[in-house]
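Undergrad: The following block contains a protein sequence and its predicted model.
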Amino acid sequence: MANIKDLKKKIKSTKGTLKITSAMKLVSAAKLAKAQQAIQSSRPYANELELTIKTISALVENYSHKYLEENGNNETEALLVISSNKGLCGGYNAQLTKEVRRYLAETDKKVKVFFIGKKVKELIQKEVNVGKFYTFAKVDPTFIEMETVGKELAGLFTSGEVGTVKVAYNQFNSAISFTPMVKQLLPLSLDVEERKELEEKFPFDFKYEPTPKQILDALIPETFSTSLYTSLLDGIASEHGSRMAAMDNAVTNCKEAIKSQTIKMNKLRQAAITTELIEVVSGAESLNG
Amino acid sequence: MNYFTVDILTPEKIVAEGIPAESLLIPSVRGQINVLPNHTHIINELATGVLTVFGGADDPDVDYSVSGGICKVLNDKVIVMTHIAEKNTEIDLERAERALEHAQEKLNSGEPLSDAKVEQYRNKAERAQIRIQLAKTNQ
């Protein structure tokens, strides 16, 4: 049975943990606000750009770009996994790992896995063919840095080394929820229905300056890097959201533990006092005896 | 007077959303173009330069320094998608001057640079010059 001294120690250490977890929760909440802001301000750009490119490529005939078409390689694939560099964020990395494993088990292609963030890498690097692990000057990469990563992956695609480029990340839904998913980046696909819809919506063609070909040539790589960057922002926002939720749970658990241990300690203390009192009283009685 | 709306979007933030304009000057790769209400639908590639939104009687005129990207004019709604956009009042003059100095230093240092690098620094210098100019006219 635990004695009072042990319990006191335990309560003290739990209080220390409580302080740390609540501080981490506050930090994550602040970072989440920033990340959420970032993703919300970049989504309109990404969506608009995608829409525009789809519109142009649906309206313009006889256009082909190497990013739009399959390169004939059906065997290999590059998968970029965006995870976090730090732990203590609930199921963030575990769920993503699960999704990646599930995907790798299902696909019949040879997959080369690239990593941003070391957590998932540490978990699965022994099971997969590791391509490259990207690190950046700061914790979170900038748009330019992501563009460089994108160029490298696109280079693999255009040279025919890989047939598809995919990205695995946690999509940000809200502060407390995210969905791990695998998204195809290259070749950029435009399905037939979408094409029809767009053709109906725009019975006229745009006036292009300089030419639709030049615009698409410039825009297609742009769309690719933007959608890569949005995946990253999604990942960052989900990470902070997930960490905040995890820390919130930890804070609640700490408080509960402190409460139950304090009660236990008080009970023991009372029992000890009662025993002492009985001893004193019975000692006095025997003297009177 | 007719008005149309302008959105300026960049990958990192929404610079302007739904601001009313009666006229708009766009720096396209083939020179500047002027957009007025009821303009035909166009898609233009942007150059590095100054994009001016004329707000008309009620709203002030605003200059933005933009670099690259495209601009879509459709049904009296202009959407500018550019890599970098800065409002004239928000330009950090000191930073722009530093950027210009740095780029010119690199270009003039005699270091062997690849063509891509030279191009990159020239673009940087050009962008910095535009920003400095904008910031100065604003003062």
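TA: Received it, and whenever you're ready, just let me know what you need.

Undergrad: Quick check: which element contains the spatially most central residue of chain A?
TA: For chain A, A:G235 is the residue whose C-alpha lies nearest the centre (CA atoms, centre = their mean; 3.3 Å). In the assignment (DSSP states H and E), A:G235 maps to helix A:212-288.

Undergrad: ok, that helix near chain B or not?
TA: Yes: using CB under 8 Å from any CB of the partner chain, helix A:212-288 reaches chain B at A:P212, A:Q214, A:I215, A:A218, A:L219, A:E222, A:T226, A:Y229. All C-beta spots, glycine's among them, are computed from the backbone N, C-alpha and C.

Undergrad: Turn the residues you listed into JSON lines, including distance to B:E17.
TA: Shown next, in JSON lines, are these (distance: CB to CB, whole Å):
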{"residue": "A:P212", "distance to B:E17": "27"}
{"residue": "A:Q214", "distance to B:E17": "28"}
{"residue": "A:I215", "distance to B:E17": "23"}
{"residue": "A:A218", "distance to B:E17": "24"}
{"residue": "A:L219", "distance to B:E17": "21"}
{"residue": "A:E222", "distance to B:E17": "20"}
{"residue": "A:T226", "distance to B:E17": "18"}
{"residue": "A:Y229", "distance to B:E17": "20"}
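
Undergrad: buried subset of those residues?
TA: A:P212, A:I215, A:L219, A:E222, A:T226, A:Y229 (16 or more other CB atoms under 10 Å in any protein chain shown).

Undergrad: Can you tell me which of those is nearest B:Q133?
TA: A:E222 (26.5 Å; CB to CB).

Undergrad: ok, now how distant is the residue nearest to the centre of chain A from chain B?
TA: Using CB to the nearest CB, to the nearest Å, A:G235 is found at 16 Å from chain B.

Undergrad: My read is that that residue contacts A:N85, right?
TA: No: the criterion here is CB atoms under 8 Å, and A:G235 misses it with A:N85 at 11.1 Å.

Undergrad: if I look at the two, which residues touch both of them?
TA: A:G117 (CB atoms under 8 Å, 6 or more residues apart in numbering or on different chains).

Undergrad: so B:V15, which of the three states?
TA: strand (DSSP: H, G, I helix; E, B strand; the rest coil).

Undergrad: Do I have it right that A:A78 meets A:T158?
TA: No: A:A78 is beyond contact range of A:T158, at 12.0 Å (criterion: CB under 8 Å).

Undergrad: Give me the more crowded residue out of the two.
TA: Neighbours were counted for A:A78 and for A:T158 using other CB atoms under 10 Å in any protein chain shown; A:A78 has more, 24 against 13.

Undergrad: And the pLDDT at the more buried one?
TA: A:A78 is assigned 92 on the pLDDT scale.

Undergrad: Pull up the gap between it and chain B, please.
TA: 22 Å.

Undergrad: Need the per-residue pLDDT for A:A2.
TA: Reported pLDDT for A:A2: 63.

Undergrad: top helix in chain B by residue count?
TA: helix B:115-138 (DSSP state H).

Undergrad: Could you give the average pLDDT over that helix?
TA: Helix B:115-138 comes out at a mean pLDDT of 82.

Undergrad: Next, the buried residues of the helix or strand of chain A with the lowest mean pLDDT.
TA: Across the helices and strands of chain A, mean confidence by mean pLDDT, DSSP states H and E is lowest for helix A:192-201: a mean of 76. Of all the residues in helix A:192-201, those buried under the rule 16+ other CB under 10 Å are A:L198.

Undergrad: Does the helix or strand that it is followed by reach chain B?
TA: Counting by DSSP H and E, the element after helix A:192-201 in chain order, helix or strand, is strand A:207-209. Yes: using CB under 8 Å from any CB, we find that strand A:207-209 touches chain B at A:K207, A:Y208, A:E209.

Undergrad: Which one (most neighbours) among those?
TA: Busiest of the residues of strand A:207-209 next to chain B [other CB under 10 Å] is A:E209, holding 21 neighbours.

Undergrad: if we can go back for a sec, a markdown table for the buried ones among the residues of helix A:212-288 next to chain B, including pLDDT and distance to A:A245?
TA: Shown next, in a markdown table, are those (pLDDT from 0 to 100; distance: CB to CB, whole Å):
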| residue | pLDDT | distance to A:A245 |
| --- | --- | --- |
| A:P212 | 84 | 46 |
| A:I215 | 85 | 43 |
| A:L219 | 83 | 38 |
| A:E222 | 83 | 34 |
| A:T226 | 86 | 28 |
| A:Y229 | 88 | 25 |
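
Undergrad: Now the two most distant members of those residues.
TA: A:P212 and A:Y229, at 24.8 Å, using CB to CB across those.

Undergrad: Appreciated, that's everything.
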